[in-house]
Structure formats: C-alpha cells, structure tokens
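Undergrad: Fold the stuff below for me.
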Amino acid sequence: MRSIFTRVILGVSVLFSVSDIKAQQDPHYSQFMYNKLTYNAGYAGATDGKICVTLLNRQQWMGFGGGQTATGLQRGDAPSNLVGSINAAIGSRFGIGATIVKDELGFETMLMPRLTLAYRQPMGDDGVLAGGVGVGSMQRTLDGAKLKALDPNDPKIPNAAVSGTAIDLDFGLYYTKTNLAGIIDDFYAGVSATHLNQNTITYSWDNNTSTVNSKMHYYLTAGGTYQLGGNLALQPNIIVKKDPAKIQTDLNCFLVMNQNIRGGLTWRPMDAAVLLVGYEFPFGLNVGYSYDITTSRIINYSSGSHEIMIRYCFGVKIPHNPPIIRSRYTPRFM
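TA: Sure thing, here's the model as predicted:
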C-alpha cells in the first residue's frame, strides 16, 4: 500500500507542475436512482406533487488512503461524498430544487451549492417532458502543505492551503410516463450535462498561480417498474456517464415486495458489483443502503464502498376554512 500511495502522491505533484490541470471526474453514486437532481436539472418537480428531501453519504474504497507512511509521507484520503437536495413542483408546469454537494478526494475538497428551475410540459395523456437549468458555484480547496514535490522549488506546487471559486451551470431533460406500452409503469428517461460553462478555478499563493479546468460530463438514464403479480415487481434502472476520459455504465435491477421492501443488484463493468437494500415507510420515509464489492485491482487495498440514502417526501395541504356566516339585517323585514 505504501508503494501505491507514493506513486499517487507523486502523480499529483507532477500534475501540479504544469499551469493547467484537468478536473477530477464527478462523484458517482450506486443509488443514483434516488439522487437524480444532483446530475439532472430537469428532474426538479418530478415528485408527484410532494416536497422531497434527500440526504446521501458515500464512503468509497474503505481502508484506502489516510494517515501517513513510516517516512512521514502523507496519504491522500479515499473519495468521500455528502449530498443533500430538496425539490418540489410549483403548480403543474414548474419545478424548483436545490442541491449541495461536498466531495473529498485525496487532499482536495470540492463544495457545489446549486439552485435549479425546470419547466414541465405535458405530453399526451400521461407523459411529461421537463427541461431544467441549474445555476450554482464550484469551490475547490487543496491542502498544498501535504504535497511532496519532486522539486521543492517548483513554483506551480502550492506549499499551503489554496482555494478558488467559479460559477457552474447545468442542463437536463427529464421525461416521465405513467405507463409505457402497457408494460412498464412509472417509466422515466433523462439526458443531462453538468459543468456546461467548463469553468476555470485559479489557485493563488506566494505570487504563483495554477488553474483547474472543469470539463462537461454527460448522463443518460432510464428506468421503470414491471409488475410481476403477487405483490412483486421488478424495477430496472440504468445510467450511462461520460467524462472527458471514459464512459461508465451502471446496470441495476430491484425486486420490490409489497411496494416497500426492496433488494437489488448493480453491475458496474470494470469497477464493482453492488448489493442494495431498502425500505419505504407508509408515511413517506425511504431509506436505502448499498455496498460496492470492488472488482478492480483496488480490491487488494480496500474492503469496498458504503452508501446510505435517506429520502422523505411529504405533501403540504393548505387548510380550507369555510366562510363565516354572519347575521345581516335588511330593511325589508323591519
């Protein structure tokens, strides 16, 4: 493990020896089907008339990273991600939402708050096509004091904590249909892109600067429910993610019993097999857990990845007070 982390840290140092740096890939989620607002702005308002609040925490590659070597070389932390979101419909045509993502990787922390607005257009009897935009900011912080440069005098490697902020823009289309071809219930499909403006963040220290360039990421999702009968249903879901370096696909399927107990499997080629369980309470609370069994070479250094999801949807009812009947006098009956 010491050897691999030495190579990782040296690799980071080499990246900082040039003025332009490509940003890391967006964080991924095994329970992506319950976290759509994070990567698709068009999802805002697709909540069946309810307000939905979601919290998700992902701890990736447990046991990988952290601490330091016997020689004092710092090891970067394994990926860790925390996301919170809230969204609701406004009338029948608009949806609003807000998300905040905190992502940690190695010696870098990224914080992304965002507001989302979507317009929802009915399509046919039971379909809705929504288009949404997200506007927020991206703040990156790098603890340069923990970096060990090949050249201690390299002006492009920070020797202290540095940070920078930039505007971040997203866009997404999200389609839902109550029933598709008489076979699939609650069908959905979405296409979206994050970091549309491909922002640039500048790190400054001791009269030196380095820049971090974000690149667009693309997402394609689809899923639905197939009734098996006998209080059993299958819920397949798929997400295809593309960043500047590669394409990654998650193939998922849940078995749902009594509409509230679920267990499922996900296959992420060349990365992990995922076990998922969850339960939806009658009062709108939905909880889920997933465990990633790493299938790449990282399995030699990690015990896997854990993810916990909590989602609560509730309706807001405006009480209707009947008009007060008051006695009135009229000259006609005096």
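Undergrad: Now do the helices in this structure.
TA: Listed in chain order, the helices of the chain (DSSP state H) span 2-15.
Undergrad: so where's it shaky on pLDDT?
TA: Confidence mapping of the chain against pLDDT under 70 gives the ranges 1-24, 64-77, 149-153, 155-156, 316-334.
Undergrad: Identify the residues contacting the residue most central in space within it.
TA: Residue closest to the mean C-alpha point of the chain, counted by Cα atoms, centre = their mean, is Thr38 at 3.9 Å. With contacts taken as Cβ atoms under 8 Å, 6 or more residues apart in numbering, Thr38 has the following neighbours: Tyr29, Val83, Ser85, Thr99, Val101. Backbone N, C-alpha and C define where each C-beta goes, glycine included.
Undergrad: And for the first one, nearest residue in space, chain neighbours not counted?
TA: The reference is to Tyr29. Sequence neighbours aside, Asn35 is the residue nearest to Tyr29 in space, at 5.0 Å (criterion: Cβ to Cβ, 6 or more residues apart in numbering).
Undergrad: ok, the one you found - contacts?
TA: Tyr29, Thr54, Leu56, Val83, Ser85, Met309.
Undergrad: Quick one: those as TSV, columns for neighbour count and distance to Phe281 too.
TA: What follows is the contacts of Asn35, written out as TSV (neighbours: other Cβ atoms under 10 Å; distance: Cβ to Cβ, whole Å):
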residue	neighbour count	distance to Phe281
Tyr29	21	22
Thr54	22	15
Leu56	23	18
Val83	21	22
Ser85	24	19
Met309	23	14
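Undergrad: taking these one by one, which sit in strands?
TA: Among the contacts of Asn35, the residues falling in strands (DSSP state E) are Thr54, Leu56, Val83, Ser85, Met309.
Undergrad: and the residue nearest to the centre of the chain, how far is that from Tyr29?
TA: Going from Thr38 to Tyr29 by Cβ to Cβ, to the nearest Å gives 7 Å.
Undergrad: which neighbours do those two share?
TA: Val83.
Undergrad: Provide a list of residues in contact with the nearest residue to Gln248 once chain neighbours are set aside.
TA: Of all residues not flanking Gln248 in the chain, Lys241 sits nearest, at 4.8 Å (Cβ to Cβ, 6+ apart). Contacts for Lys241 (Cβ under 8 Å, 6+ apart) come out as Asp26, His28, His217, Tyr218, Tyr219, Ile247, Gln248, Thr249, Asp250.
Undergrad: Provide a list of residues in contact with the third one.
TA: Applying Cβ under 8 Å, 6+ apart to His217 gives the contacts Gln25, Asp26, Tyr39, Ala193, Thr194, His195, Lys241, Lys242, Asp243.
Undergrad: most neighbours, which of those?
TA: Tyr39 (27 neighbours; other Cβ atoms under 10 Å).
Undergrad: Is it correct that it is in contact with Ser192?
TA: Yes: between Tyr39 and Ser192 a contact is recorded at 5.9 Å, counting by Cβ atoms under 8 Å.
Undergrad: Specify the beta-bridge partners of Thr209.
TA: Beta bridges link Thr209 to Ser204, judged by DSSP bridges.
Undergrad: Ok, the one 10 residues further on next?
TA: Listed beta-bridge partners, Tyr219: Ser192, Lys241 (assigned using DSSP bridges).
Undergrad: try Val101
TA: With DSSP bridges as the criterion, Val101 is bridged to Val83, Met112.
Undergrad: Pull the number of nearby residues for it.
TA: Going by other Cβ under 10 Å, the residues that sit close to Val101 add up to 22.
Undergrad: Alright, calling it a day.
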